[in-house]
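> Sequence first, then the predicted structure, then my questions.
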Amino acid sequence: MTQNDPAAPTCPVHHMRGPEKFNPFTPQYHANLYGTFDTAREEQPVFFSPVMNLWVVTRYDDVKAVLKDPEAFSSAGAVAPLTPEILRLIGGPDGPIQRTALVNSDPPLHTRFRNTFQKAFTPRQVSRLEPEIRELTQSLLADLGTNKRLEAVQGLCDPLPLLTICRLMGVPDKDAADIKRWSADSIRASNPALDIEGQRVVAQSMIDFYTYMVELTRHYAAHPAENLISAVVEAQTDSEEPLSFEEIGGLSRGLVLAGHETSAALLGNTLQTLLTQRELWDALCAHPERISGAVDEFLRHGGPAVGLFRQATRDVQFGEVTIPKNARVWVTYLAGNHDPAQFPDPQRLDLERPNAANHLSLGYGIHYCIGAPLAKLELRVALEEMTKRYPGLRLDAEQEIEHRPNFVMRGLKQLVLVTD
Ligand code: HEM
C-alpha cells in the first residue's frame, strides 16, 4: 500500500504532519480543528506556516505571553489584511476608516481611543439593555412556539446581537438591515477571491458604513440620547485630546462590526453543545441560576474567535524557536482555550470548571474585548429565556451540522431547533 493508495488509512491529523501541511483553508482543517491544534501544541507549539506565511502560537501560556506584550507584538494588522484595491478605494492605510480601528491600533493612539470609549461604556450602558435583550429573545422565539421549529442561526443567533448592538449605539432598528449588509461586506474585504466588481461593492459598503456612523455621531452630539455614542461624545468633552466626530464614528463602526457576528456565533456554538450533551441542558433547565456562573465556560468551550494577528517588532524567543522581527503571528485563542495543561479534559464542557474565567476567548491585555460584559449578558439572557420557555428543546436529528468556512471565526452555517 502506498501513500497515494486511496485505500490507505488516513491519519486524522495528516494535514498537520509537519507545519508545511498546516492549511486552515481546507475542509480537513475545519473537520478536525481541535485535533490539529492538539498535535501542534504537543509537537511544535510555535511553528512557521508557509501556507499562511506567518508564525502560529498555540499553547495557552505562549498565547497569553504574546497578548500581554504589545511592545514586542504590534496590533497593526490584527485583523486579516484588506485586498490592495479595497485598501486603495477606502483611502489607504492612513485613511479615516483604517486609522480608526481600535483592534488594529497600538499605544499611544490605542490608549487615547480606548480610554474615551471605556469611560463611556459603563456597566449602566450594558445593564440598561437587559430588558430589551429579554424582549428581543422572546419575540425572536415566537416562531418556535407557533411552528415548533426554528432555524436558529438566521432566526435568533444573528438578529439578537445585531439588534442589541444597534440599540446600544443608538442605531434605529429600521437601519439594522443596512448595518448587517455593510458588516458582512466589511468581513469579506480580506477575501482574495473577490473580483474587481466585488471589491468595489465591498469598498463602497465600508465607506457608507463609516459615513453613516459619523453622521449618527453628529446627530447625537446635537441631540443627546441614552446610548453609547452620546456617552462617548459626552466623555470626550473634558478630555485633553478630544476625539473628533470622525474618530468617534469610525471607532463606533468597529464596535458594531466586532459586536454582533462574534456574539451570534457564540450563541449558536453553545446551543449546539448544550443540546448535544442533553444532561447539561436539563441541568440548566432545572437550575437556571447556574447559567450565569457557567458563561465563562461557554466562552472557553465555544468561543468563536479562533485567532487574530500580531506583528513582531523584534526577535522573540519561545523555547528553542525564535519568531523574527517583522514576522506576522497568528495567536490562536481557541488553541489556548483547549490546552490541557491549563484546562484539564478541555473538550468537556464543565459547568463547574474552577478556572474557566481564565479563558482567552475575549483576548487578554490592552486589547481585551471592550464588549465583554455585553457579550456575556446576551448569552446569559438568551439561555435563561430559552431554558425557561422551551425545556423540551432539541436539535433536529436529521440535520447535518456544518461550520462556516471562515478560519478566524468558528460559527455554524445553520442550526435547526425543534420542540413539542
Ligand atoms: C462572544 C462575543 C465576542 C467575542 C468572542 C469577542 C472577542 C474579542 C477578542 C478575542 C478581542 C481581542 C482582539 C485582540 O486580541 O486583538 C476582542 C476585542 C474587541 N471586541 Fe470583542 N468579542 C465579542 C463581543 C464583542 C462585543 C459585543 C463588542 C462591542 C460591543 C466587541 C467589541 C470589541 C472591540 C471594539 C475590540 C477591540 C478592543 C481593543 O483593541 O482595545 N466585542 N473581542
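Received the coordinates, thanks. Numbering: from 1, shown residues only.
> can you confirm Thr36 is in a helix?
Yes. Counting by DSSP: H, G, I helix; E, B strand; the rest coil, Thr36 is part of a helix.
> how about the residues of the stretch 1-150 of the chain near the ligand?
Leu67, Ser75, Ala78, Leu102, Val103, Arg114 (CB under 6 Å from any ligand atom). Bear in mind the C-beta positions are built from the backbone N, C-alpha and C, glycine included.
> what about the nearest residue to the fifth one once chain neighbours are set aside, which SS state?
If the residues on either side of it in the chain are set aside, Val103 comes closest to Ala78, at 5.0 Å by CB to CB, 6 or more residues apart in numbering. At Ala78, secondary structure determined by three-state DSSP is coil.
> Tell me the backbone dihedrals of Ala78, please.
Main-chain dihedrals, Ala78, degrees, to the nearest 10: phi -70, psi -30.
> pLDDT check: weakest of the residues of the stretch 1-150 of the chain next to the ligand?
Within those, pLDDT reaches its minimum at Ala78, with 86.
> tally of neighbours for it?
20 (other CB atoms under 10 Å).
> now do the one 10 residues further on
If you count neighbours by other CB under 10 Å, Arg88 ends up with 14.
> can you confirm it is in a helix?
Yes. Counting by three-state DSSP, Arg88 falls inside a helix.
> what separates it from Ile196, distance-wise?
Going from Arg88 to Ile196 by CB to CB, to the nearest Å gives 12 Å.
> Now the common contact residues for these two.
Overlap of the contact sets of Arg88 and Ile196 (by CB atoms under 8 Å, 6 or more residues apart in numbering) is empty.
> what sits against the residue of the chain found nearest the ligand?
Sorted by distance to the ligand under CB to the nearest ligand atom, the residues of the chain start with Gly371, at 2.1 Å. Each residue near Gly371 by CB under 8 Å, 6+ apart is listed here: Phe121, Leu255, Ala258, Gly259.
> could you point out which element follows the helix or strand Ala65 falls within?
Assigned by DSSP states H and E, Ala65 belongs to helix 60-67. The first helix or strand that comes after helix 60-67 along the chain, using DSSP H and E, is strand 73-74.
> Give the pairing partners of that following strand; include direction for each.
strand 308-312 (antiparallel) (DSSP bridges).
> My read is that Leu228 contacts Ser252, right?
Yes. With contact defined as CB atoms under 8 Å, Leu228 reaches Ser252; the gap is 7.5 Å.
> Between these two, which is the more surrounded one?
Ranked by neighbour count (other CB under 10 Å), Leu228 and Ser252 place Ser252 first, with 27 against 24.
> which SSE is the residue nearest the centre of the chain in?
Among the residues of the chain, the one closest to the centroid is Thr262, at 3.5 Å (CA atoms, centre = their mean). Assigned by DSSP H and E, Thr262 falls within helix 261-276.
> same for the helix or strand just after that helix, what does it pack against?
Counting by DSSP H and E, the element after helix 261-276 in chain order, helix or strand, is helix 278-286. Counting contacts by 3 or more CB pairs under 8 Å, 6 or more residues apart in numbering; DSSP states H and E, helix 278-286 packs against helix 261-276, helix 289-302, helix 372-389.
> Can you give me the distance of Tyr29 to Ala40?
11 Å.
> try Leu141
Distance from Leu141 to Ala40, by CB to CB: 40 Å.
> OK, contacts around Leu377?
Leu377 touches Val126, Ser127, Leu129, Glu130, Ile133, counting by CB under 8 Å, 6+ apart.
> for Ile323, phi and psi?
phi -80, psi 120.
> That one touches Phe47, doesn't it?
No. Using CB under 8 Å, Ile323 is not in contact with Phe47; the gap is 10.2 Å.
> Residues of the stretch 251-400 of the chain that sit close to the ligand?
Counting by CB under 6 Å from any ligand atom, the residues of the stretch 251-400 of the chain that sit close to the ligand are 254-255, 258-259, 262-263, 266, 303-305, 308, 333, 361-363, 367, 369-371, 374-375.
> The same query, at a cut-off of 8 Å, please.
Contact residues (CB under 8 Å from any ligand atom) of the stretch 251-400 of the chain with the ligand: 251, 254-256, 258-260, 262-263, 265-266, 299, 303-305, 308, 310, 331, 333, 360-372, 374-375, 378-379.
> and those, which are buried?
Neighbour-count burial (16 or more other CB atoms under 10 Å) is assigned, among those, to 251, 254-256, 258-260, 262-263, 265-266, 299, 303-305, 308, 310, 331, 333, 360-364, 367, 369-371, 374-375, 378-379.
> the more surrounded of Ile323 and Phe47?
Set Ile323 next to Phe47 and count neighbours by other CB under 10 Å: Ile323 wins out with 23 against 18.
> quick one, what contacts that one?
Ile323 neighbours (CB under 8 Å, 6+ apart): Val46, Trp55, Ala312, Asp315, Val316, Gln317, Val329.
> again with Phe298
Neighbours of Phe298 in contact, by CB under 8 Å, 6+ apart: Leu266, Thr270, Thr273, Leu349, Leu379.
> And Pro93, by the same measure?
Leu87, Arg99.
> isn't there a strand covering it?
No. Under three-state DSSP, Pro93 sits outside any strand and is assigned coil.
> Next one, pLDDT for it please.
For Pro93, the predicted pLDDT is 88.
> Now the phi/psi pair for it, please.
Per degrees, to the nearest 10, the backbone of Pro93 is at phi -60, psi -30.
> quick one on the thing from earlier: outside of the helix holding Thr262, which residues touch it?
So helix 261-276 is contacted by 152-153, 156-158, 160-162, 164, 183, 187, 280-281, 284, 298-299, 301-305, 349, 361, 374-375, 378-379, 382-383, 386, 393-395, 401, 409-412, 415, 417 (CB under 8 Å, 6+ apart).
> PyMOL command for the buried members of these?
The buried subset of these, as determined by 16+ other CB under 10 Å, is captured in PyMOL by this line:
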select buried, resi 152+153+156+157+158+160+161+162+164+183+187+280+281+284+298+299+301+302+303+304+305+349+361+374+375+378+379+382+383+386+393+395+409+410+411+412+415+417
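> Glu160 falls within a helix, correct?
I think there's a mix-up here, since residue 160 is Leu and not Glu. Yes. Counting by three-state DSSP, Leu160 is part of a helix.
> Could you check the pLDDT of it?
98.
> what residues are up against it?
Ile133, Leu136, Thr137, Leu140, Ser263, Ala264, Leu267, Glu378, Ala382.
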